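Colleague: this one's sequence-less:
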């Protein structure tokens, strides 16, 4: 039996090919994978699948669907994306203390009868030539960069669950593909609003001024990558500042919404005034949660956003004026998102831009069976999309394992391609 895996050492977002040869024809083979994230070694993830060798005594994960196991579709990364942990608090543990300094190691084991073969993969979060600068004086952020003067700068804006730590792998891996990347939190850090509520847009004007003056980033266009609430923010900024020339957004919406705090105020302000926003009725959220609790079903926030939009009397005032942007836009959206109705919002963005004869490139990529899985692919298992809030009360971002795995990898690849053009 011969186990072949390529590449054995690579950036963590790279696909691997797993192939087993010199097997008895038509023999049953078990292939398993296991790993611990380097900053959360107490949480172990595992997966396994069974295959039947072909007439030539081969199993190729890029071509074969498992007979059974932790996933049931053709994907050379199936074992990686389908890993699970028996720890019920795995999600909470792995999003704390995130670091990109140490590599991720994944062990692959093949068993066929009495024969056994194994290999260990090393997955890097940051290329060797990428440097990191923590910024604490002018604003809070992490700048990942190299000495290449031709590299453009991307500002990374995470979602409502992000912070400096959660943002790290995205910024580090993205910078490893040939960009300067500024990871920019906008709440929850020292000197910033504690909650995602009433965030002043003037803060970002200061960041943009710093970028224009910094020797590493000066003289370059400003590009933005945003996710979820960070996508909402990215589109607001692009609609206001013409020097933003390229924007890719994961799970965007076309409206400004209420802030995520226990106050009925906007997410964003400018010069002390709230941006018009869609009010979210928390009683509808509680009612939906209780209904899911009674049915013992996962809940999401999409119902609350849709119903709040249906009831809103100020939709035009709260709409992000995307037609005023001067940027090429790329929208990634999904039809089963559990966080908000991003698909409907994205369709409205595209319709608005067509109506106004938008003069810049704008494209939308739709994922049918995905929720809100967007992140660097192959770092966290694609099935890690729920969080237990209380007994019988589980928050889900939506989508299927296969749909989320595909959306995460495909959107990441297309975003890098978009910024490289």
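Modeller: That came through, no problem. Note that the structure is a prediction, hence the values are computed from the model and not measured. Numbers count the residues shown, from 1 in each chain.

Colleague: ok, the residue nearest to residue 22 when sequence neighbours are not counted - contacts?
Modeller: Distances taken as Cβ to Cβ, 6 or more residues apart in numbering put residue 2 closest to residue 22, at 4.6 Å, once the chain neighbours are dropped. C-beta here means a position set from N, CA and C on the backbone, and glycine is covered the same way. Contacts of residue 2 were listed using Cβ atoms under 8 Å, 6 or more residues apart in numbering, and they are 20, 21, 22, 117.

Colleague: please apply the same query to residue 40.
Modeller: Counting by Cβ under 8 Å, 6+ apart, residue 40 touches 93, 94, 96, 97.

Colleague: now the host helix or strand of residue 122: average pLDDT?
Modeller: For residue 122, the host element (DSSP states H and E) is strand 115-124. Across strand 115-124, the average pLDDT comes to 97.

Colleague: what does stretch 191-210 give?
Modeller: Mean pLDDT, stretch 191-210: 95.

Colleague: give me the distance from it to the chain's centre.
Modeller: Distance of stretch 191-210 from its chain centroid, counting by Cα atoms, centre = their mean, to the nearest Å, is 22 Å.

Colleague: now that stretch: buried residues?
Modeller: By neighbour count on 16 or more other Cβ atoms under 10 Å, the buried set for stretch 191-210 is 192-193, 195-201, 203-204, 207, 210.

Colleague: and those residues, which of them are in strands?
Modeller: When DSSP state E defines the strands, the subset of the buried residues of stretch 191-210 inside them is 199, 200.

Colleague: what about stretch 371-379, start to end distance?
Modeller: 17 Å (Cα to Cα, to the nearest Å).

Colleague: correct me, but residue 374 touches residue 227?
Modeller: Yes. Using Cβ atoms under 8 Å, residue 374 is in contact with residue 227, at 5.3 Å.

Colleague: which neighbours do the two have in common?
Modeller: Both residue 374 and residue 227 are contacted by 250, 251, under the criterion Cβ under 8 Å, 6+ apart.

Colleague: all helices for the stretch 201-350 of the chain, in order.
Modeller: 202-213, 229-240, 282-295, 302-311, 315-318, 342-355 (DSSP state H, counting those that start in this stretch).

Colleague: so which residues make contact with the last one?
Modeller: Outside helix 342-355, the residues within contact range by Cβ under 8 Å, 6+ apart are 235, 251-255, 306, 319, 322-323, 329, 331, 333-335, 337, 362, 364, 366, 372.

Colleague: what's downstream of that helix, the next helix or strand?
Modeller: Heading C-terminal from helix 342-355, the first helix or strand you meet, by DSSP H and E, is strand 362-367.

Colleague: so that next one versus helix 342-355, what angle?
Modeller: Taking axes from the mean of the first three to the mean of the last three Cα atoms, to 10 degrees, one finds strand 362-367 and helix 342-355 inclined to each other by 160 degrees.

Colleague: who does strand 362-367 pair up with?
Modeller: Applying DSSP bridges, strand 362-367 is found paired with strand 328-334 (parallel).

Colleague: angle of the strand it pairs with against helix 229-240?
Modeller: Our comparison of strand 328-334 with helix 229-240, counting by the same axes, to 10 degrees, yields an angle of 150 degrees.

Colleague: starting at the chain centroid, how far to strand 328-334?
Modeller: How far strand 328-334 lies from its chain's middle: 13 Å, per Cα atoms, centre = their mean.

Colleague: list the contacts of that strand.
Modeller: Applying Cβ under 8 Å, 6+ apart, the set of residues contacting strand 328-334 is 238, 245-252, 322, 342-343, 345-346, 349-350, 353, 360-372, 374, 398-399, 403, 407, 411, 414-415, 418.

Colleague: how about residue 185, what does it touch?
Modeller: Counting by Cβ under 8 Å, 6+ apart, residue 185 has contacts 140, 141, 158, 162, 163, 164, 167, 192.

Colleague: does it belong to a helix, a strand or coil?
Modeller: Here residue 185 is recorded as coil under DSSP: H, G, I helix; E, B strand; the rest coil.

Colleague: circling back: among the contacts of residue 40, who's most crowded?
Modeller: When neighbours are counted by other Cβ atoms under 10 Å, residue 94 leads the contacts of residue 40 with 22 neighbours.

Colleague: how close does that residue get to residue 164?
Modeller: For residue 94, the distance to residue 164 equals 16 Å [Cβ to Cβ, to the nearest Å].

Colleague: before we move on, the earlier item: what's the first helix or strand after the strand holding residue 122?
Modeller: Heading C-terminal from strand 115-124 (DSSP H and E), you reach strand 131-135.
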